[in-house]
Each structure stands twice: as structure tokens, then as C-alpha cells.
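Peer 1: For reference, the sequence and a predicted model appear below.
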Amino acid sequence: MHLIFFDNESHLFPFSYENMFSAISDFFKTEFPLNEHGLEELFSHFRLTHYPANSMLLQAETKEKKLRFLNNGIVREYYYNQDIERNINFYVKPQFISDLLAFNQNTSTRKYQECLSAVEVLSIDRHIFFELLEKYECGKSLVTSSFQKLLTQKESFEYNHLTKNPETRYLELLVKKPEWIRYIPQYHIASYLNITPETLSRIRKRIS
């Protein structure tokens, strides 16, 4: 297991670099609309960091000091206990990837995150983000809505793993998460399904 954080150089980009902020801009305008000035001020505080594949973005027992947005690349999220890694999520589309519970409560996370490819992350310091939330009231919908989605995802994950067999869950991934099947190595998919790679291989052969 990789437990080394890479010391990557961060760069501050002004709002005029539209290509750098196109993904996060579309995300905010669609999910959490702020006025134009609010978005410009928000983006002015984001820094872009490049990470090579296999580098760690998050380690258990550390605090989320920044709100992180996946601009490009693939990230896996997992728990680690007694030499066993258990994948719990994959990020392949532009979206926020911070542990929102740890970020909001300023507590230590229990999760790990690893880059499965070269990754670009936009991040903003926690204290600056919450200052902007106070300044732009509509921005608070980000926290509320994100927690609602987080709870829904958690409930869905637990329900599926407790009530459905691995083959059914894999068939659901084919429909709901085709990008995972396309980009994530099969042994990581097997870990997410809580089965061995050999069992997943047999399932794939059976349904092909």
C-alpha cells in the first residue's frame, strides 16, 4: 500500500483562465448557482495541483484542510485495516472529492485516496471557503446538498452490499457506472464488490 504524499507544486490561476475552471464552473452553475461575482471570487482562491499516478491524495487520521475538486483524472477511495484494502468509491468525472464529513466538522478522516492515473486537483483552503459561504448565502446550499447526496450514497452502498449478490451488483455497475468498468482495473472493481478477482472473472464470463 502506498502511504507517501508527493510534494507537488501548486499554482494560482486567475479567473480569466477559463479552460482551467471550465469543469468546476459548469458544476457550480448547474448544482450550486452563485452570482457571477461570487464565482469569480471563489475561483480566484483555487489552486491547481498536479499529481502523478500512484500518489496519495488523502490518508486516514489526517484532517481535510482543503476543499478538493477533481479537475481531471481517476481516483480511488478506500478503507485500510489489518493489511486489507476495501474500495468504497471511484472518481472519474469532475466533482468534489474531499471527505465532506471530515471537512465540515474539521475532524480526522478514516479514508484513503490514491491516484489511479495522473490527476489534476483544484483546491481551496477550508477557512477561506467557509468565509465565502458566509459572504454569499446561496453558497451554503453546497454543504447541505452535498451532505444529502453523501447520505444517499452511503445508504445505497450499504443496502446493495447487504441485500444483493455480487453478480447483481456487477450488473448494476454496468448500467449505472459504465465509466468505472471502462477505466478502473478489474481487481479494484472486485475489491469494491468485496469478492476476489477470480470470482469477478467468472461472473464476467457467465454474463458475456
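Peer 2: Arrived safely. Numbering: from 1, shown residues only.
Peer 1: What distance do you get for the residue nearest to the spatial centre of the chain to N71?
Peer 2: Nearest to the geometric centre of the chain sits I97, at 2.8 Å (C-alpha atoms, centre = their mean). I97 sits 10 Å away from N71, going by C-beta to C-beta, to the nearest Å. In this view, the C-beta of every residue, glycine as well, is placed from N, C-alpha and C.
Peer 1: anything in contact with each of the two?
Peer 2: Residues touching both I97 and N71 (C-beta atoms under 8 Å, 6 or more residues apart in numbering): V121.
Peer 1: give the contact list for the residue nearest to the centre of the chain.
Peer 2: Contacts for I97 (C-beta under 8 Å, 6+ apart) come out as 57, 68-70, 75, 77, 91, 113, 121.
Peer 1: okay if I get those residues as CSV plus pLDDT and neighbour count?
Peer 2: Output for the contacts of I97, formatted as CSV (pLDDT from 0 to 100; neighbours: other C-beta atoms under 10 Å):
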residue, pLDDT, neighbour count
L57, 98, 25
R68, 95, 22
F69, 93, 22
L70, 95, 24
V75, 98, 22
E77, 97, 18
Y91, 95, 19
Q113, 98, 22
V121, 97, 24
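Peer 1: Among those residues, which one lies nearest to T196?
Peer 2: Closest to T196 out of those is E77 (20.4 Å), distances taken as C-beta to C-beta.
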